[in-house]
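Novice: Task: produce atomic coordinates for the following.
(one chain, ligands or ions: 1)
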Amino acid sequence: MQILVVGAGVIGLAVAREAARRGHDVTVAEKTGGIANGVSSRNSEVIHGGLYYPTGSERARHCVRGRRMMYEFCASHGVGHRKCGKLIVATSDAELAKVETVLAQGQKNGVEGLEMIGGNAARAMEAELNCIGALWSPETGIVDSHGFMLALQGELEDRGGMIAFETTVESLSFKASQWHVRFAGRDAGVLAFDAVVNAAGLGAQALARRIENYPAAKVPRLVLAKGNYFGFAGRPAFSRLIYPTPVDGGLGVHVTLDLAGRMRFGPDVEWISEETYTVDPKRADSFYERIRTYWPALPAGSLVPDYCGIRPKLTGPGEPAADFLIAAEPAHGLPRLVNLFGIESPGLTASLSLAEEVVGYLA
Ligand SMILES: Cc1cc2nc3c(=O)[nH]c(=O)nc-3n(C[C@H](O)[C@H](O)[C@H](O)COP(=O)(O)OP(=O)(O)OC[C@H]3O[C@@H](n4cnc5c(N)ncnc54)[C@H](O)[C@@H]3O)c2cc1C
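Specialist: Take a look at the predicted model:
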């Protein structure tokens with residue numbers, strides 16, 4: 001089949017690579033000038049264990065499976081990564097009870113090696129930590145996400161696939177058993193494909209509305225939840241990922257590390273109505289307050305505004321978190337079309353597993 005994938009983020013690249021591996025002729029259309037210019041370059045680069053999500057949900061299934069696939073892929077393709085493990089810390093009895101529910105959920109999801117440890121055991125691992133107990137997840141890690149996406153692009157191209165940059169997909173219509181796709185930008189015009197995958201991230205809903213005869217009621221709402229990061233100007237205090245007890249809308253302001261060992265904090269949750277990528281320095285105040293609950297020694301003046309990313313959520317503040325929405329023919333009635341909505345965290349971790357499911361719908 002001739003397959004068009006819209007979007008060269010981690011999801012589009014993983015889907016395109018998987019389709020090419022199965023012998024399809026694959027084109028990716030990307031509206032910007034390069035890969036990974038959207039949500040995929042603005043995250044924590046964490047390979048998640050798969051602890052938090054309801055058992056049987058797309059997020060639980062694809063996170064646990066995708067994580068195992070990702071470690072294998074990184075090892076075989078020379079992509080930088082480190083299985084550094086993570087501690088989810090509790091600083092009160094109420095938090096301890098919540099962390100224990102995360103443990104139970106993680107075990108139900110089949111996450112390996114989880115263990116509750118006491119405050120002293122946690123401090124033996126990370127001396128500067130303040131907590132009364134913690135959940136240790138040894139399978140969690142970090143990855144060079146750009147290196148990962150470059151490897152996906154490389155394998156796609158080795159198998160004959162191509163990416164058309166500065167090429168926006170404007171609209172789609174299904175006629176005479178083919179998808180007719182209108183492009184704008186560098187490769188403007190109309191071309192026909194057998195199958196289409198909409199992996200446009202924050203643009204997925206807008207594109208779905210421009211698919212002829214796509215049921216309007218099947219386009220979910222898009223809710224933007226910005227996550228801001230602050231860099232730490234000092235010697236890193238931790239060598240493992242440190243997460244607080246989860247909060248509404250996100251996993252809490254956590255310690256993330258890059259492969260060079262540098263430490264940063266984030267993301268928080270800021271509900272916004274329009275895409276914007278500035279980090280308000282004033283948000284540092286709430287970061288200091290939250291971080292000091294588990295790291296009391298955080299020095300004053302050490303946090304500097306860094307980058308931010310926007311979660312493409314399907315539900316808003318106070319509402320239960322939505323699952324990934326993988327809308328294939330049974331969901332909308334149109335053949336060989338998959339729309340991917342709400343691919344927020346753990347989308348990076350889930351990408352290789354998700355790609356297999358998506359390509360499976362196209363046959
Ligand atoms: C703050 C934050 C932290 C996160 N942390 C983690 C983490 O630690 N671990 C993890 O596993 N996941 C994490 N995630 C989730 C992960 O980053 C995303 O799930 C993933 O990057 C989504 O990738 P994507 O390909 O769907 O979207 P994108 O990377 O946004 O790709 C979509 C692409 O489509 C293009 N596009 C849009 N419309 C069109 C069009 N009409 N025509 C052509 N091209 C178009 C865009 O330019 C873009 O390049 C995090 C997310 C956020 C926001």
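Novice: which residues touch the nearest residue to Ile211 once chain neighbours are set aside?
Specialist: Using CB to CB, 6 or more residues apart in numbering and skipping the chain neighbours, the partner closest in space to Ile211 is Leu172 (4.7 Å). Where you see a C-beta, it was placed from the backbone N, CA and C, and this is true even at glycine. Under the criterion of CB atoms under 8 Å, 6 or more residues apart in numbering, the contact list for Leu172 reads Trp179, His180, Val181, Arg182, Val196, Leu207, Arg210, Ile211, Glu212, Leu337.
Novice: what's in contact with the strand or helix carrying the third one?
Specialist: In other words, Val181. Per DSSP states H and E: Val181 is located in strand 178-185. With contacts defined as CB under 8 Å, 6+ apart, strand 178-185 is touched by 4, 29, 31, 164, 166-174, 189-196, 336-337.
Novice: Out of those, which are close to the ligand?
Specialist: For the ligand, the contacts drawn from the contacts of strand 178-185 by CB under 6 Å from any ligand atom are Ala29, Lys31, Thr168, Val169.
Novice: mind checking how far the nearest residue to Asp25 once chain neighbours are set aside is from Ala199?
Specialist: Spatial nearest neighbour of Asp25, chain neighbours left out: Gln2 (4.8 Å); criterion: CB to CB, 6+ apart. Separation of Gln2 from Ala199 (CB to CB, to the nearest Å): 17 Å.
Novice: who has more neighbours, those two?
Specialist: Ala199 (30 against 15; other CB atoms under 10 Å).
Novice: Give me the distance between the spatially closest residue to the more buried one that is not a sequence neighbour and Leu135.
Specialist: In space, and not counting its chain neighbours, Ala199 is closest to Gly12: 3.7 Å by CB to CB, 6+ apart. Using CB to CB, Gly12 is found at 33 Å from Leu135.
Novice: of these two, who's got more company?
Specialist: Comparing Gly12 with Leu135 by other CB under 10 Å, the one with more neighbours is Gly12, at 32 against 24.
Novice: In the chain, where is pLDDT below threshold?
Specialist: Scanning the chain with the threshold set as pLDDT under 70 gives 248-250.
Novice: could you pull out the helices for it?
Specialist: For the chain, the helices defined by DSSP state H cover 10-21, 58-77, 93-108, 119-125, 145-158, 204-208, 284-294, 329-332, 347-362.
Novice: nearest to the ligand, of these?
Specialist: helix 347-362 (1.9 Å; CB to the nearest ligand atom).
Novice: Quickly check: the closest one near the ligand or not.
Specialist: Yes. Judged by CB under 6 Å from any ligand atom, helix 347-362 and the ligand are in contact via Gly347, Leu348, Thr349.
Novice: Nearest approach to Ala260 belongs to which of the helices of the chain?
Specialist: Ranking those by proximity to Ala260 (CB to CB) places helix 145-158 first, at 13.1 Å.
Novice: Tell me the helices and strands packed up against the closest one.
Specialist: helix 10-21, helix 58-77, strand 162-164 (3 or more CB pairs under 8 Å, 6 or more residues apart in numbering; DSSP states H and E).
Novice: got the angle between the longest one and helix 10-21?
Specialist: Think helix 58-77. Relative orientation of helix 58-77 and helix 10-21, computed by axes from the mean of the first three to the mean of the last three CA atoms, to 10 degrees: 60 degrees.
Novice: distance of the residue with the largest distance to the centre of the chain from the ligand?
Specialist: Ranking residues of the chain by C-alpha distance from their mean position (CA atoms, centre = their mean) puts Ala176 at the top, at 36.1 Å. Distance, Ala176 to the ligand, by CB to the nearest ligand atom, to the nearest Å: 23 Å.
Novice: how close does that residue get to Ala188?
Specialist: 22 Å.
Novice: cool, and His62?
Specialist: For His62 relative to Ala188 (CB to CB), the value is 35 Å.
Novice: how about the residues of the stretch 151-300 of the chain near the ligand?
Specialist: Thr168, Val169, Ala199, Ala200, Gly201, Leu202, Gly203, Leu207, Gly227, Pro267.
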